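J.: just the structure for this:
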Amino acid sequence: MIGCGVLRKEISFLIQKNRWPVEPLFLDSSLHVDFDRLAAALAVALDFCRPGGTLVCYGDCHPDIDSLLESRHARRMPARNCLEMLLGPDLYLKALSEGALFLLEDWTGGWEHSLTGLFGRNRAVLQDIMRQERSHLLCITTPCSGDFRTGAQSAGSLVGLPLRWHHASLDHLESLLETSLGDSRRHVP
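T.: Numbering: from 1, shown residues only. Model prediction:
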């Protein structure tokens, strides 16, 4: 299994809890801001996995992800992104439609670097961009989360959005993983 590091704690917990015979390899979640680096990291990780049967816990995070995985006989989780894997499609789309900009614990460490890399260092411009489509920063905790209130407050200040909090269970992620792991084992070429 290859997964995005943003859900490292949650996926590792579920693997241990369910005693799934899986060896996870997690990639840095900051790869999402650079498609070339993400594709290269996925390719290298896939080269280390046994051919076929590899489950990739990524969503539509790269425009060519499906062709990259198909060429290596790997299967991807059926979700748009890690947030949908965690929340489920209904809750994810509802929060998005209500103006949420999402924040998970793993993102707090590199939040400023990633956003200023994408939008520049002018905080007023960054805040204007964020406020055009987003109304709040939705900080998502799980049973595996630590206390990231300080990091969340810094992130909210950077983007100029108020914080809201949501505690997500691991139920949807667990169900999705269970189904996907079963599918991966059945589709080994």
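
J.: what comes up buried for the host helix or strand of residue 152?
T.: Per DSSP states H and E, residue 152 falls inside helix 149-159. For helix 149-159, the neighbour count (16 or more other C-beta atoms under 10 Å) marks 151, 152, 155, 156, 158, 159 as buried. Yep, even glycine has a C-beta here, placed from its N, CA and C like the rest.

J.: what's in contact with the helix or strand following that helix?
T.: Per DSSP H and E, the first helix or strand lying C-terminal to helix 149-159 is strand 163-167. Strand 163-167 has contacts (C-beta atoms under 8 Å, 6 or more residues apart in numbering) with 95, 100, 136, 137, 138, 139, 140, 141, 142, 152, 153, 156.

J.: ok, what's across the strand from the fifth one?
T.: According to DSSP bridges, the residues that bridge with residue 138 are residue 102, residue 164.

J.: residues near it, how many?
T.: By other C-beta atoms under 10 Å, the residues close to residue 138 number 23.

J.: what does the fourth one give?
T.: One way to gauge burial is a neighbour count; for residue 137, by other C-beta under 10 Å, it gives 25.

J.: distance check, it against residue 154.
T.: Remark: distance between residue 137 and residue 154 (C-beta to C-beta, to the nearest Å) = 11 Å.

J.: got the buried residues for the host helix or strand of residue 37?
T.: Taking DSSP H and E as the definition, residue 37 sits inside helix 35-48. The neighbour-count check on helix 35-48 (16+ other C-beta under 10 Å) flags 38, 39, 42, 45, 46 as buried.

J.: show me what it is packed against.
T.: Packing partners of helix 35-48 (3 or more C-beta pairs under 8 Å, 6 or more residues apart in numbering; DSSP states H and E): strand 2-4, strand 25-27, strand 54-57, helix 65-71.
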